[in-house]
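> no letters, just coordinates:
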Ligand code: 2DT
Ligand code: MG
């Protein structure tokens, strides 16, 4: 059908919420149901900018905070033309993190200057500690309150299959709604 565009479905949440698992399962289920759907993730570590970010996240390099924030944004912008093209062709994009992680993680950093030095060794990568993730979660909650975007909160503490079924139904709705509206700006 002419003009039917794909939906942009963004999975956001703290580390280990299950976004990647759910993203993979969602794309598989949507494709099995006859939709065209593809999985993306940010940071997309394979580009030149993505490699800088990956090295920073692995604590192999240091970058100034504002500068790294802009690199995360640039890493999304470098994919915007191909994302728009795919959405315009009717392909639904399931995205594992997007600009909301950008805001949540940068602001968690700002909130955490005072206790940053007391962080324990929780994970291997930068930001992978309990206190930091808690502040990122608070920031996500603030973003959801302010936003006019179509947020759906999914309780990720249930089984993979239960969470999947809920996300799948929500996504089918989003695909239906997207097909009826023109493609707007891709803020990032
Ligand atoms: P993954 O573990 O999902 O690869 O993410 N992050 C992500 C930011 O700080 N800013 C951003 O704009 C994005 C997209 C979240 C690695 C870490 O990168 C953080 C966790
Ligand atoms: Mg991670």
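Right, received. Where do you want to start? These figures come from a predicted structure and were not determined experimentally. Ligands and ions are numbered 1, 2, ... in the order given.
> centroid-nearest residue for this protein?
Centroid-nearest residue in the chain, with C-alpha atoms, centre = their mean: residue 97, separated by 1.1 Å.
> wait, that residue touches residue 19, no?
Yes. Counting by C-beta atoms under 8 Å, residue 97 does reach residue 19; the two are 6.9 Å apart. Glycine gets a C-beta too; all of them are placed from N, C-alpha and C.
> overlap in contacts, those two.
Shared contacts of residue 97 and residue 19 (C-beta atoms under 8 Å, 6 or more residues apart in numbering): 11, 12.
> so what's the residue nearest to the centre of the chain up against?
Taking C-beta under 8 Å, 6+ apart, one finds 10, 11, 12, 19, 41, 42, 43 in contact with residue 97.
> where are the low-confidence patches of this protein?
1-3, 111, 113-122, 147, 187-188 (pLDDT under 70).
> which helix of it spans the most residues?
With residue count as the measure and DSSP state H as the assignment, the chain has helix 160-179 as its longest helix.
> any buried residues in that one, and which?
163, 164, 167, 168, 171, 172, 174, 175, 178 (16 or more other C-beta atoms under 10 Å).
> list, out of those, those positioned next to ligand 1.
Judged by C-beta under 6 Å from any ligand atom, the overlap between the buried residues of helix 160-179 and the neighbourhood of ligand 1 is nil.
> can you lay out those as TSV showing distance to residue 136?
Listed next are the buried residues of helix 160-179 as TSV, based on distance: C-beta to C-beta, whole Å:
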residue	distance to residue 136
163	20
164	24
167	20
168	26
171	24
172	29
174	24
175	28
178	27
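> quick one: residues contacting the nearest residue to residue 127 once chain neighbours are set aside.
Leaving aside its sequence neighbours, residue 127 sits nearest to residue 105 (C-beta to C-beta, 6 or more residues apart in numbering; 6.1 Å). Counting by C-beta under 8 Å, 6+ apart, residue 105 touches 127, 136, 139.
> and for residue 79, the neighbour number?
When neighbours are counted by other C-beta atoms under 10 Å, residue 79 registers 19.
> scratch that, residue 112 is what I was asking about
Residue 112 has 19 nearby residues by other C-beta under 10 Å.
> pretty sure it contacts residue 131?
Yes. Between residue 112 and residue 131 there is a contact at 6.8 Å, judged by C-beta under 8 Å.
> secondary structure element holding the residue nearest to residue 127?
Assigned by DSSP states H and E, residue 105 belongs to helix 99-111.
> can you pull the buried residues of that helix?
99, 100, 101, 102, 103, 104, 105, 106, 107, 108, 109, 111.
> how about the second one, nearest residue that isn't a chain neighbour?
What sits nearest to residue 100 in space, not counting adjacent residues and going by C-beta to C-beta, 6+ apart, is residue 12, at 4.7 Å.
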